[in-house]
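Enquirer: Here is a sequence with its predicted model. Questions after.
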Amino acid sequence: MTSLPIVERELRLASRKLGSWLWRWIIAIVAVGFGGLWLGIAQLQGSTMRGDIFFAILAWACFAYCLLAGLWTTSDTLTREKTDGTLGLLFLTDLRGYDVVLGKMITASLKSFYGVLAVLPVLALPLLMGGVTNDQFWRTAGALLNILIFSLALGMFFSALSWSTGRAIFWTFLSLLGVTLLPLIYLWTSGNAPAWLVVSPGFAMANASAPVIGAAAGAAQFWPWLGGGLAVSSLLLALASWIIPHRWRETKLRQQTPCLAKRQPGDSLRPSAERQSALLDTNPAGWLVWRMRTFRVSRRLLMGLMISVGAVLLGYVAVDDALGDEEWWMTMGGLIWVASFWIRLEVARHAVTTIHEAKASGALEQILVTPLDERQFRRGHFAAMVRFWMWPVIVLASLPMASALLGLIATGWVADEALFGVSIMGLVTLLFVVVFFGDLFALYFSGCWFALRGNSYSAAFWRTFGFVYLLPTIGSVFLCWLGQFVWLITDIIFIVWPLTSLQGNFRRVVSGEYGIHYTRPIPSPATAPTPPVIQSPDR
């Protein structure tokens with residue numbers, strides 16, 4: 001008898017899929033191409049090949065890949081099964097929770113492991129170039145695999161704990177971001193607690209790249225972190241295995257809000273329920289936007305963060321005249337970047353979630369048989385999204401404007417020689433503003449289209465956020481200031497294409513006719529009728 005039947009079955013199926021084989025080849029080709037490009041540039045410049053720099057660039061790229069692997073692989077594995085109602089069928093048998101959790105995790109994470117294994121031979125090339133030791137390579141390989149297992153286990157834990165795929169992805173991303181950045185921020189602010197070194201994957205990755213193990217290089221905490229990471233990953237998988245048999249279905253009915261037509265005179269509802277109920281009768285598409293409590297809480301937290309931190313920074317300027325302080329401008333710039341990234345992330349997640357859940361529940365199909373046509377639905381949904389995220393965008397735009405106004409008042413920039421600098425700064429700021437609003441529109445329309453076309457929430461979200469924001473961000477790093485224009489062109493493409501697709505193919509996609517090749521039936525050739533047979537008279 002097989003001890004883990006689901007693991008064996010899912011592993012066999014996943015290893016035979018074409019996608020697993022293609023993904024391994026794609027990652028290997030990208031890594032080999034980067035290595036060949038590095039060697040070619042070094043040969044053209046006539047300089048010595050720096051193996052340590054090549055190793056550091058490729059190792060940190062693999063670190064980002066391993067750290068974020070749980071977001072697009074395991075964070076929606078169990079929640080999608082819960083939504084489809086197929087997870088409970090597994091528990092009708094004698095399977096345990098760990099059978100289901102390990103089987104689903106191996107199925108979802110096989111491509112990620114293939115990707116890491118495909119990069120390791122290229123990562124070993126600096127051993128031949130020089131500048132990298134054997135211990136350094138093997139510590140880095142162990143750290144990458146440990147971070148990958150931790151990310152996958154964290155995604156499985158939140159997937160078992162959550163009912164919504166979007167909520168599981170959000171908490172997985174927030175946990176990974178906090179575990180990675182908070183210890184580094186503490187250390188950068190003159191913190192000296194050794195326990196934080198064991199917690200942060202980023203600091204452990206930096207320790208793994210040390211050439212020699214020793215206290216001077218900071219690598220003494222690497223082995224405790226490696227053991228602690230495996231222990232935490234095992235604990236997360238054990239918790240997911242214990243949680244999933246009890247949370248594969250909802251045991252409590254959610255309280256339903258009656259509509260205005262069915263409400264009794266004595267009914268008393270909360271103000272938010274009152275607004276949602278009234279909105280459902282006037283704009284059903286807007287009700288899809290406003291009904292999700294997760295996004296309402298996220299919007300309040302974002303506005304509270306911007307208002308509180310912005311007020312403290314501006315008050316510090318008014319009291320202490322800190323406009324000439326470089327740290328003040330870095331803090332304000334960091335606040336603006338965090339807020340803009342938060343808004344981009346939530347707009348993409350909001351657009352994908354509303355359309356995906358409406359499609360999964362059959363609400364979009366019901367629109368086709370109601371007086372509300374697809375044009376009214378699109379306009380109502382867009383207007384509700386604009387109204388929902390209008391105030392966070394206004395608060396975000398007021399932060400740099402208030403900083404610039406205080407700078408002009410404090411320094412008294414009225415001279416003519418300062419007008420040129422102010423004009424250049426205004427043009428650069430205008431370019432960033434145009435790119436920001438272009439990102440918002442592109443994320444919204446692309447999120448709606450990808451969610452409408454696909455069946456997987458995770459795939460729709462990462463296509464939206466990856467194509468519109470992540471890839472242009474990476475490109476802008478290499479292209480410097482030209483990257484903003486490339487970013488703007490990308491926004492235009494991902495606005496025009498999804499918008500025209502939604503306008504022309506909304507009904508066909510909802511009804512399931514989109515993508516089906518229509519073949520016109522060929523009529524059979526006309527044939528002459530058979531002449532009547534005249535029988536001869538009987539003789």
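Expert: Looks like it arrived, so ask away. What you are looking at is a predicted structure, and each value in this text was computed from that prediction instead of being measured. Numbering: from 1, shown residues only.

Enquirer: Isn't residue 180 up against residue 200?
Expert: Yes. The pair residue 180 / residue 200 is scored as a contact, 6.2 Å apart, by Cβ atoms under 8 Å. Just so you know, the C-beta spots here come from the backbone N, C-alpha and C atoms, and that holds for glycine as well.

Enquirer: can you list the weak-confidence ranges in the stretch 201-350 of the chain?
Expert: In the predicted model of the stretch 201-350 of the chain, residues 207-222, 247-283, 317-326, 328 satisfy pLDDT under 70.

Enquirer: What segments of it are helices?
Expert: Using DSSP state H, counting those that start in this stretch, the helices of the stretch 201-350 of the chain run over 201-208, 222-243, 271-282, 284-290, 293-320, 326-360.

Enquirer: Can you add mean neighbour count and distance to residue 115 and give these back as a markdown table?
Expert: Shown next, in a markdown table, are the helices of the stretch 201-350 of the chain (neighbours: other Cβ atoms under 10 Å; distance: least, Cβ to Cβ, whole Å):
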| stretch | mean neighbour count | distance to residue 115 |
| --- | --- | --- |
| helix 201-208 | 22 | 17 |
| helix 222-243 | 17 | 18 |
| helix 271-282 | 14 | 43 |
| helix 284-290 | 22 | 36 |
| helix 293-320 | 14 | 31 |
| helix 326-360 | 19 | 24 |
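
Enquirer: wait, which of those helices is closest to residue 149?
Expert: Evaluated over the helices of the stretch 201-350 of the chain, closeness to residue 149 peaks at helix 222-243, with 4.8 Å, by Cβ to Cβ.

Enquirer: Please, which helix or strand holds the closest residue to residue 468 other than its chain neighbours?
Expert: Nearest in space to residue 468, with sequence neighbours left out and distances taken as Cβ to Cβ, 6 or more residues apart in numbering, is residue 442 at 4.7 Å. Using DSSP states H and E, residue 442 sits within helix 417-453.

Enquirer: With residue 28 instead?
Expert: Element membership for residue 28 (DSSP H and E) is helix 18-45.

Enquirer: That helix: what's the following helix or strand?
Expert: helix 51-67.

Enquirer: Need the CA coordinates for that next one. CSV is fine.
Expert: In CSV, the C-alpha atoms belonging to helix 51-67 read as follows (Å, rounded to 0.1, in the frame of the first residue of the first chain):
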residue,chain,number,x,y,z
GLY,A,51,32.6,35.7,-11.5
ASP,A,52,31.5,37.1,-8.2
ILE,A,53,29.4,39.9,-9.8
PHE,A,54,27.8,37.4,-12.2
PHE,A,55,27.1,35.0,-9.2
ALA,A,56,25.5,37.8,-7.2
ILE,A,57,23.2,39.0,-9.9
LEU,A,58,22.0,35.6,-10.8
ALA,A,59,21.7,34.5,-7.2
TRP,A,60,19.5,37.5,-6.2
ALA,A,61,17.3,37.0,-9.3
CYS,A,62,16.8,33.4,-8.2
PHE,A,63,16.1,34.7,-4.6
ALA,A,64,13.2,36.9,-5.9
TYR,A,65,11.9,34.0,-7.9
CYS,A,66,11.9,31.6,-5.0
LEU,A,67,10.5,34.2,-2.5
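
Enquirer: quick one: buried residues of that helix?
Expert: The neighbour-count check on helix 51-67 (16 or more other Cβ atoms under 10 Å) flags 51-52, 54-56, 58-59, 61-63, 65-67 as buried.

Enquirer: Let me see the residues that make contact with it.
Expert: By Cβ atoms under 8 Å, 6 or more residues apart in numbering, the residues outside helix 51-67 that reach it are 31, 34-35, 38, 112, 115-116, 119, 122-123, 125-132, 136-137, 140, 143-145, 147-148, 151, 176, 180, 201-202, 205, 209.

Enquirer: how far out from the middle of the chain is that helix?
Expert: In this view, helix 51-67 has its centroid 21 Å away from the chain centroid, taken as Cα atoms, centre = their mean, to the nearest Å.

Enquirer: can you give me the angle that helix makes with helix 201-208?
Expert: Taking axes from the mean of the first three to the mean of the last three Cα atoms, to 10 degrees, helix 51-67 and helix 201-208 form an angle of 150 degrees between their directions.

Enquirer: which element follows helix 51-67 toward the C-terminus?
Expert: The helix or strand immediately downstream of helix 51-67 is helix 69-72, counting by DSSP H and E.

Enquirer: CA atoms of stretch 291-298 as CSV?
Expert: Extracted C-alpha coordinates of stretch 291-298, given in CSV (Å, rounded to 0.1, in the frame of the first residue of the first chain):
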residue,chain,number,x,y,z
ARG,A,291,-19.6,44.7,-1.3
MET,A,292,-16.1,43.3,-0.5
ARG,A,293,-15.1,44.2,3.0
THR,A,294,-11.4,43.3,2.4
PHE,A,295,-10.9,46.2,0.0
ARG,A,296,-12.8,48.6,2.2
VAL,A,297,-10.5,47.8,5.1
SER,A,298,-7.5,48.1,2.8
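
Enquirer: returning to that earlier point: who has more neighbours, residue 180 and residue 200?
Expert: residue 200 (22 against 18; other Cβ atoms under 10 Å).

Enquirer: roughly how far apart are the closest residue to that one other than its chain neighbours and residue 225?
Expert: Closest residue to residue 200 apart from its sequence neighbours, by Cβ to Cβ, 6+ apart: residue 183 at 3.6 Å. According to Cβ to Cβ, to the nearest Å, residue 183 stands 11 Å off from residue 225.

Enquirer: Domain map for the protein?
Expert: Split into domains by automatic domain parsing, the chain comes to 5-243, 271-511.

Enquirer: Redo the ones you listed as JSON lines? Include distance to residue 531.
Expert: Below are those laid out as JSON lines (distance: least, Cβ to Cβ, whole Å):
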{"stretch": "domain 5-243", "distance to residue 531": "59"}
{"stretch": "domain 271-511", "distance to residue 531": "49"}
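
Enquirer: and residue 530, which of those domains is closest to it?
Expert: Proximity to residue 530 (Cβ to Cβ) singles out domain 271-511 among the domains of the chain, at 43.9 Å.

Enquirer: where's that closest one relative to the chain centroid, distance-wise?
Expert: Between the centre of domain 271-511 and the centre of its chain there are 14 Å (Cα atoms, centre = their mean).

Enquirer: Same check on stretch 139-157?
Expert: Centre-to-centre, stretch 139-157 and its host chain are 18 Å apart (Cα atoms, centre = their mean).

Enquirer: Go through that stretch and flag the buried ones.
Expert: Neighbour counts over stretch 139-157 (16+ other Cβ under 10 Å) mark 139-141, 143-157 as buried.

Enquirer: Just list the residues touching residue 442, thanks.
Expert: Neighbouring residues of residue 442 by Cβ under 8 Å, 6+ apart: 468, 490, 491, 494, 495.

Enquirer: Select from the residues you listed every entry located in helices.
Expert: Within the contacts of residue 442, residues falling in helices by DSSP state H are 490, 491, 494, 495.

Enquirer: can you put those residues in JSON lines and add pLDDT and distance to residue 437?
Expert: Shown next, in JSON lines, are those (pLDDT from 0 to 100; distance: Cβ to Cβ, whole Å):
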{"residue": "490", "pLDDT": "85", "distance to residue 437": "14"}
{"residue": "491", "pLDDT": "85", "distance to residue 437": "9"}
{"residue": "494", "pLDDT": "90", "distance to residue 437": "13"}
{"residue": "495", "pLDDT": "90", "distance to residue 437": "10"}
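
Enquirer: could these be laid out in a markdown table, adding neighbour count and distance to residue 298?
Expert: Listed next are the ones in helices among the contacts of residue 442 as a markdown table, based on neighbours: other Cβ atoms under 10 Å; distance: Cβ to Cβ, whole Å:
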| residue | neighbour count | distance to residue 298 |
| --- | --- | --- |
| 490 | 22 | 25 |
| 491 | 24 | 23 |
| 494 | 24 | 23 |
| 495 | 20 | 24 |
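
Enquirer: Let me have these in JSON lines, extended by distance to residue 476.
Expert: Shown next, in JSON lines, are the ones in helices among the contacts of residue 442 (distance: Cβ to Cβ, whole Å):
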{"residue": "490", "distance to residue 476": "10"}
{"residue": "491", "distance to residue 476": "12"}
{"residue": "494", "distance to residue 476": "15"}
{"residue": "495", "distance to residue 476": "18"}
